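Participant: here is my input, please return the structure:
(chains A and B)
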Amino acid sequence: MDEVVSGYGASEVLHGISLTVNEGETVCLLGSNAAGKSTTLRTILGMVPTRKGSVKLRGERIDGLATPDIVAKGITMVPENRRLFAKMTVRENLEIGAQLRDDRPAIASDIESVFSMFPRLKERVTQKAGTLSGGEQQMLAIGRALMAKPSVLLMDEPSMGLAPILVEQVFETIDEISKQGITILVVEQNANVALGIADRGYVIQTGRIVMKDSAKALLANPELSRAYLGELEG
Amino acid sequence: MTTSARRSSLGIFSRLPVRRIVLIVLGVIITVAAIAGARATLATGQYSGRVWQDLFVQGLARGSVYALIALGYTLVYGILLIINFAHGEVFMAGAFTTLFLAGYLSSSGFMASQPVLSLLIMLAFSALVSMGVALLLERIAYRPLRGAPRLVPLITAIGASLFLQYTFRGFYGEQVRAYPNIPGLTGDWNIFGISIDRPRVVVIGAAILIWSSLYVFIERTKTGRAMRAVGEDREIASLMGIDVDRVIVITFAIGGALAGMAGILFILLFNQASFDMGFVPGLKAFTAAVLGGIGSITGAALGGLVLGLIEAVGPILFLSGAGIPSVGQLTSVVSFTILVLVLIFLPGGFLGAPEEKRA
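Facilitator: Numbering: from 1, shown residues only, chains lettered A, B, ... in the order given. Next up, the predicted model:
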């Protein structure tokens, strides 16, 4: 199965973006603030309308569909800033991730596997999501997305607001998720960490893709930092 | 305006705006006056325990109706952040339309032979009518304005409210119409050694049952969870696969059905219907929702009951001891004074979050 996701021009932020993520790959989309990274993900999910061009999943056009319909096809996102349901408990946040599923026993066992991935969440299962620490919230946001059993997972700045040690943990987790066979498109400003786990990378600048290469080549490319990202952080 | 310039001389008060200090002083004065009034009333010994008991139950019954209507305001506000000011008319539509069904049930003799079933049929019918009106409101008046500034749906709500009132007046006239009495619902029942008017028992019991069902629905079912999710973050709710439009429709439907049932309970207490019967209870229920903390389901119940009790007990308790004549006329003065008082000290109501933005 060849999986193609390609987006084009939305609300003047994206001026014709073409990118492809093959099944099972981890691809990162790098760029500075306001380059259009988040907009790219939101366009894929139908939260921002596609004005021109097309978005395809396994050859089937999904642009123009409503967000819930796109999610039903197996794409979901860990949104920027987590955006958990703060007034709901940890368990409810996980359950709502499985809102489109009806297989109760499987949902219960998936909640358990999220807990084995993030034991901290199990300790806080009855706590309201709003009371969790930043790192725990990021774990819960990832767990919530996994509960949808996605085949494609989009991640918007998973390192944002986290201490460096937590950033490393989050990316280790992303690597693990990728090994489960889930296709990942991760948007990051923190290029080094993201490229460390990615197969390929794209660099976006003011709504256009300006560079694409394998992760290794991008890491080795001195132009990456100089031209498009400003200073590289460790 | 703040007093920050005079910080050094005023100490702790310098951190509060002058307006806030004036409000708090006002609040304290009213509270002290109310306590003095209550002491004076109780000192006269004019009212027996039986009277207080009766007023208390009356307040609970009235408050139960307010609470059920208040749920409609609070549910819609919780999800759309708009105040559906036509909700009182949703309540009226069910209660008024059911009048004709009740007349038929009564004249055909069905109500005499099956009073309980008749009441249930009336509740269901009124719930359906009100639900239908609420759904039409959502589709015609509110959905096209989704995304408009919040003042716009507010104005629309007032227009829709007048439209509904005068539509009913046009069809059914402006006179107040009497509802047939449901056989078996006159006299008292003895509950825990207290004799209570039968309709009040039914109203309070039904309200508890309906509120509890709603609570379980919101907290425990998938649809209820979806409603809470849309209330918190609409975009992320849709990312979870939730159809936001459908949830909004369900919310209006539930609020409408609750108002319709509240309409029949209101009828049990007051036995009459008219085209403008929704205005005052709608306003009171809105007050109850604000009092309890708008957006909160428990708050709506609490606000409704507190308001009902204040209305029933308040005028006599606070005012009659001060020698004020015909205190029953001052019911609304008392209840809205209490509302102001609560909002001075708890701007978000009993259970609301004060930091949230309000319409």
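Participant: what about the strands in the stretch 251-359 of chain B?
Facilitator: Defined through DSSP state E, counting those that start in this stretch, the strands belonging to the stretch 251-359 of chain B, from first to last, are B:272-273.
Participant: next, count neighbours for B:L343.
Facilitator: Residue neighbour count, defined by other CB atoms under 10 Å in any protein chain shown, stands at 16 for B:L343. Glycine gets a C-beta too; all of them are placed from N, C-alpha and C.
Participant: hmm, A:Q137 is touching A:A129, no?
Facilitator: Yes: counting by CB atoms under 8 Å, A:Q137 sits close enough to A:A129 to count as a contact (6.8 Å).
Participant: find the residues that touch each one of these two.
Facilitator: A:L84 (CB atoms under 8 Å, 6 or more residues apart in numbering or on different chains).
Participant: dump the residue contacts of B:L302.
Facilitator: In this structure, B:L302 makes contact with B:291-292, B:350-351, judged by CB under 8 Å, 6+ apart.
Participant: mind listing which of these are in helices?
Facilitator: B:291-292 (DSSP state H).
Participant: of the contacts of B:L302, which is the nearest to A:E23?
Facilitator: A:E23 lies nearest to B:L351 out of the contacts of B:L302, by CB to CB, at 48.9 Å.
Participant: phi first, then psi, for that closest one.
Facilitator: phi -120, psi 10 (degrees, to the nearest 10).
Participant: pull the number of nearby residues for it.
Facilitator: Using other CB under 10 Å, B:L351 has 19 neighbouring residues.
Participant: ok, it - contacts?
Facilitator: By CB under 8 Å, 6+ apart, the contact set of B:L351 is B:292-293, B:296, B:298-299, B:302.
Participant: coming back round to it: which among the contacts of B:L302 gets closest to A:L30?
Facilitator: Set against A:L30, the nearest of the contacts of B:L302 by CB to CB is B:L351 (45.7 Å).
Participant: and the closest one, how far is that from B:V342?
Facilitator: For B:L351, the distance to B:V342 under the criterion CB to CB, to the nearest Å works out to 12 Å.
Participant: what do you get for B:W189?
Facilitator: Look at B:W189 and B:V342: by CB to CB, they are 33 Å apart.
Participant: out of these two, which sits in the more crowded spot?
Facilitator: A side-by-side neighbour count of B:W189 and B:V342, using other CB under 10 Å, places B:V342 first with 23 against 14.
Participant: go ahead and confirm the more buried one touches B:G348.
Facilitator: No: proximity of B:V342 to B:G348 does not meet the contact threshold set by CB under 8 Å, at 10.0 Å.
Participant: which residue does chain A bring closest to chain B?
Facilitator: Of all residues in chain A, A:L100 sits closest to chain B, with a separation of 3.8 Å (CB to the nearest CB).
Participant: from what I see, that residue and A:I70 are in contact.
Facilitator: No: in this structure, A:L100 is not within contact of A:I70 by CB under 8 Å, at 11.3 Å.
Participant: ok so, going back, relative to chain A, which of the contacts of B:L351 is nearest.
Facilitator: When these are compared for distance to chain A (CB to the nearest CB), B:S296 comes out closest, at 10.6 Å.
Participant: does the residue positioned nearest the centre of chain A lie in a helix or a strand, and which?
Facilitator: Relative to the mean C-alpha position of chain A, the nearest C-alpha, by CA atoms, centre = their mean, is the one of A:M155, at 1.3 Å. Under the criterion DSSP states H and E, the helix or strand holding A:M155 is strand A:152-156.
Participant: next one, pLDDT for the nearest residue to B:A300 once chain neighbours are set aside please.
Facilitator: Once flanking residues are discounted, B:A300 sits nearest to B:A70: 3.9 Å by CB to CB, 6 or more residues apart in numbering or on different chains. At B:A70, the pLDDT value in this model is 94.
Participant: surely B:A70 and B:G293 touch.
Facilitator: No: using CB under 8 Å as the test, B:A70 is too far from B:G293 to be in contact (10.6 Å).
Participant: overlap in contacts of the two?
Facilitator: Between them, B:A70 and B:G293 share these contacting residues under CB under 8 Å, 6+ apart: B:G303.
Participant: between these two, who's got more neighbours?
Facilitator: B:A70 (36 against 25).
Participant: tell me how far that one lies from chain A.
Facilitator: As defined by CB to the nearest CB, to the nearest Å, B:A70 lies at a distance of 20 Å from chain A.
Participant: helices or strands up against the helix or strand hosting that residue?
Facilitator: When secondary structure is defined by DSSP H and E, B:A70 falls within helix B:49-80. Under the contact criterion of 3 or more CB pairs under 8 Å, 6 or more residues apart in numbering or on different chains; DSSP states H and E, helix B:49-80 touches helix B:87-107, strand B:194-197, helix B:198-220, helix B:222-232, helix B:244-270, helix B:279-292, helix B:297-314.
Participant: point out the residues in chain B that sit beside chain A.
Facilitator: By the rule CB under 8 Å from any CB of the partner chain, the part of chain B lying against chain A is B:222, B:225-226, B:228-229, B:232-233, B:235-236, B:238-243.
Participant: quick check: the two most widely separated of these?
Facilitator: B:K222 and B:E235 (19.4 Å).
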